[in-house]
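Student: Output the structure for:
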Amino acid sequence: MRWRRSVDERVTAVLGRAPADKLLAWGELVDGSVVVCTDRAIHFPVERRVPWDLVVRGAWSEEFLDLVVQPAPGARSEQVRLRFAEPGQVPAVVRERVEWTVVASHQAALVHPDGRSGSAMLNARRSPDTGEVRWAVVFDPAIDARDPGWRSAADGALADLRAQLGV
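Tutor: This next block holds a predicted model:
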C-alpha cells in the first residue's frame with residue numbers, strides 16, 4: 001500500500017457535493033472510482049451518500065469492504081460490496097464512525113401478552129447530520145414483527161430503556 005500526500009481531484013469533486021462534510025479517509029476501487037469517508041457519511045461512486053447512522057454494519061476482508069446500509073431510517077437494509085485496489089484508511093474509519101453513532105444497544109427480553117417469551121435488540125443511533133437520536137427495534141428471527149402483541153412488548157421495553165438511560 002502506498003501513502004498519498006495530496007487529495008485526488010475525484011475526492012475533491014465528492015467533497016464539493018457535500019461542503020459541510022470533513023474528509024477523514026478515501027480509497028480507490030478496482031474500477032478507478034473512489035470511496036470517500038467524511039465525518040458525517042460514506043460516499044460511494046455514482047454520487048451516493050450514506051450517513052453513518054444508516055450504515056448498519058461493515059466487514060473488511062482483504063480487498064473487499066462489505067456493508068449493510070439503509071437507504072433511509074426504517075427502510076429495508078441492502079448489502080453493498082466494494083472491491084478496493086487501495087483502501088487507505090477507509091476500513092478503519094468505517095469501523096470508528098459506525099461505532100461513534102451507537103448511543104445504546106441492548107438485548108431486551110420480551111413477553112407477549114399471551115405469555116410467550118422472546119427477545120429483540122434495542123438500538124439507538126446518533127445522526128451525524130443533526131445529532132438527533134433514532135431508536136430501532138430488531139426482533140429475533142422467530143418473532144413476527146407485525147404482531148401487535150410483540151410490538152407492544154417491544155415498545156414497553158424501549159420506553160423502560162429510554163427512561164433508564166435518560167435519552
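Student: now the helices: where do they sit in the chain?
Tutor: If DSSP state H is used as the criterion, the helices of the chain fall at 9-17, 90-101, 148-165.
Student: Report the central residue of this protein.
Tutor: V55 (1.8 Å; CA atoms, centre = their mean).
Student: Now do the contacts for the residue of the chain most remote from its centre.
Tutor: Largest separation from the mean C-alpha position in the chain: D114, at 34.4 Å (CA atoms, centre = their mean). D114 makes contact with G149 under the criterion CB atoms under 8 Å, 6 or more residues apart in numbering. C-betas here are computed from N, CA, C, even on glycine.
Student: So what does it have for phi and psi?
Tutor: Main-chain dihedrals, D114, degrees, to the nearest 10: phi -90, psi 0.
Student: measure it to W150 for me?
Tutor: 10 Å (CB to CB, to the nearest Å).
Student: And for G27?
Tutor: Taking CB to CB, one finds G27 at 41 Å from W150.
Student: Let me see the contact set for the residue nearest to the centre of the chain.
Tutor: With CB under 8 Å, 6+ apart, V55 has these contacts: 42, 67-69, 94, 97-98, 101.
Student: Now do the buried residues in stretch 78-93.
Tutor: 80, 82, 84, 86-88, 90-91, 93 (16 or more other CB atoms under 10 Å).
Student: Out of those residues, which is nearest to C37?
Tutor: Comparing the buried residues of stretch 78-93 against C37 with CB to CB places V93 closest, at 4.3 Å.
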